[in-house]
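Colleague: Need a 3D model of the sequence below.
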Amino acid sequence: MSGKFTEGTLTLHDAGLIVNNESVDSKKQRNGMKRSLRQWRRQTGLILTVSSTLLLLIAAVLLITIGMRATLTSIWFWISAGTIFLLFYFHRTNRQVIDELQDDIAALTSRASTIGRGEKTAEISANDLTFVDLERLNDAITSIAEKATRDISELKRLEQVRSEFLGNVSHELRTPIFSIQGYLETLIDGAIDDPHVRDEFLEKAHNNMLRLHSLLNDLIEISRIESGAMKMSFRYFDLLSLAEGVIATMESPATLANVSLRLEVNGADTEGKIMALGDRKRIEQVLVNLATNGVKYNKVGGEVIISLTTNELDVHISVSDTGIGIPPEQIGRVFERFYRVDKGRSRDVGGTGLGLAIVKHIVEAHGSKISVQSHLEEGTSFSFTLPRDK
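Modeller: Numbering: from 1, shown residues only. All right, here's what the predicted structure looks like:
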């Protein structure tokens, strides 16, 4: 969607709508329409006057040439009288139609101007309009106004998301940079001569540098995914083998956190495989991100379970933990960029705050949808499906 919102002017390319509160062209169009209606009324009135005069002249000639009695019995007299009556009836009806048309146009113009100013306006009932074309015009104005309202709301939402994103990025970048700066300045001021302080500060500066590197990589990653620059390579692969590799990769950090890992499998084929369709590398990234979260936000002695369950069409994949859980009111926001449920703990365990956002984009790029179920102090489970090889 493309659009621009400025004071006094609204431009929405998708809606095909350009409304300017001070539009000179719209005023010229309204004035031109009024002049056309007045000209139409003058022309029909002129035709009526000329025609009636000619018919009256014919009647007068008949009276002079053949007399009153003969004139009253003449067919030409009655044709002239009937024509004059029809012309007067037509003129009266025409004036009524023009008046109603002017009222309808005035109502639609007023409504369009109100919409152009961004104000709410009552809908005009189709029963109140005289012509079918005006009813269609009213429907078109209503449709454009509704779409414009939706687009404006979406633009405002996207602007708010952009502002929040920039603020979050600035904050996330500032924290490790300031930490590194502080450690280095302390070393420069003389602490470098103390081996213990020097080694400790260099290690902390290095850790913050790694965090900064991870954040930048995740920003690049999510930007590529959202822009469509990252291409997925879909092919069948052994999901069971992939899950076993993820368990092996996560074994070390899980042991340090005193958390156990377990793989549950239901429905492997005769060769001990579960063939699924997707991008193997990206699905591995999803499982690693989810398992990492399960380890970070778990309890001492807790457990992270990767479960694979097959049916005739799909493989159901879930990553569950026995951790701290997510409050119900925050479940809908866990996939937002930089959103953290427990901000204090997030700082302690590290992470960029982009992991779940990346997971969501990758899963949706596979035509699936990731769901989350969580209970406080009981744990959280993330799940999605992939097509399987029949």
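Colleague: Ranking helices and strands of the chain by mean pLDDT, which lands last?
Modeller: One helix or strand of the chain scores below all others by mean pLDDT, DSSP states H and E: strand 9-12, with a mean of 38.
Colleague: just the strands in the stretch 151-300 of the chain please.
Modeller: 235-238, 260-266, 275-278 (DSSP state E, counting those that start in this stretch).
Colleague: Keeping just the C-alphas, turn the last one into PDB.
Modeller: Provided in PDB are the C-alpha atoms of strand 275-278 (Å, rounded to 0.1, in the frame of the first residue of the first chain):
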ATOM      1  CA  MET A 275       9.700 -36.700   5.000                       C
ATOM      2  CA  ALA A 276       8.300 -33.100   5.000                       C
ATOM      3  CA  LEU A 277       8.100 -30.400   2.300                       C
ATOM      4  CA  GLY A 278       9.900 -27.100   3.100                       C
END
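Colleague: what packs against that strand?
Modeller: Strand 275-278 is packed against strand 235-238, strand 379-387, with contacts defined by 3 or more Cβ pairs under 8 Å, 6 or more residues apart in numbering; DSSP states H and E. Bear in mind the C-beta positions are built from the backbone N, C-alpha and C, glycine included.
Colleague: and the first one, which strands flank it?
Modeller: This means strand 235-238. strand 275-278 (antiparallel) (DSSP bridges).
Colleague: cool, and the last one?
Modeller: With DSSP bridges as the criterion, the sheet partners recorded for strand 379-387 are strand 314-321 (antiparallel), strand 371-375 (antiparallel).
Colleague: So which of those is nearest residue 85?
Modeller: Of all the strands paired with strand 379-387, strand 371-375 sits nearest to residue 85, with 77.9 Å by Cβ to Cβ.
Colleague: Excluding its own residues, what touches the closest one? List them.
Modeller: With contact meaning Cβ atoms under 8 Å, 6 or more residues apart in numbering, strand 371-375 is reached by 325-326, 328, 331, 334, 380-384.
Colleague: Buried ones among those residues?
Modeller: 325-326, 331, 334, 380-384 (16 or more other Cβ atoms under 10 Å).
Colleague: for those, which one is nearest residue 239?
Modeller: Distances from residue 239 to these, taken by Cβ to Cβ, are shortest for residue 384, at 11.9 Å.
Colleague: Touching, the closest one and residue 369? I think so.
Modeller: Yes: taking Cβ atoms under 8 Å as the definition, residue 384 is a contact partner of residue 369 at 6.6 Å.
Colleague: hey, what's in contact with both of these two?
Modeller: residue 363.
Colleague: Among the contacts of strand 371-375, which one sits closest to residue 159?
Modeller: Once Cβ to Cβ is applied, the member of these that ends up nearest residue 159 is residue 334, at 23.0 Å.
Colleague: Look at the residue nearest to the closest one when sequence neighbours are not counted and report its pLDDT.
Modeller: Excluding its sequence neighbours, the residue lying closest to residue 334 (Cβ to Cβ, 6 or more residues apart in numbering) is residue 356, at 5.6 Å. For residue 356, the pLDDT comes out at 90.
Colleague: give the contact list for residue 356.
Modeller: 289, 293, 334-335.
Colleague: Could you dump these into a markdown table and include pLDDT and distance to residue 206?
Modeller: Converted to a markdown table, the contacts of residue 356 look like this (pLDDT from 0 to 100; distance: Cβ to Cβ, whole Å):
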| residue | pLDDT | distance to residue 206 |
| --- | --- | --- |
| 289 | 92 | 23 |
| 293 | 91 | 24 |
| 334 | 87 | 30 |
| 335 | 87 | 31 |
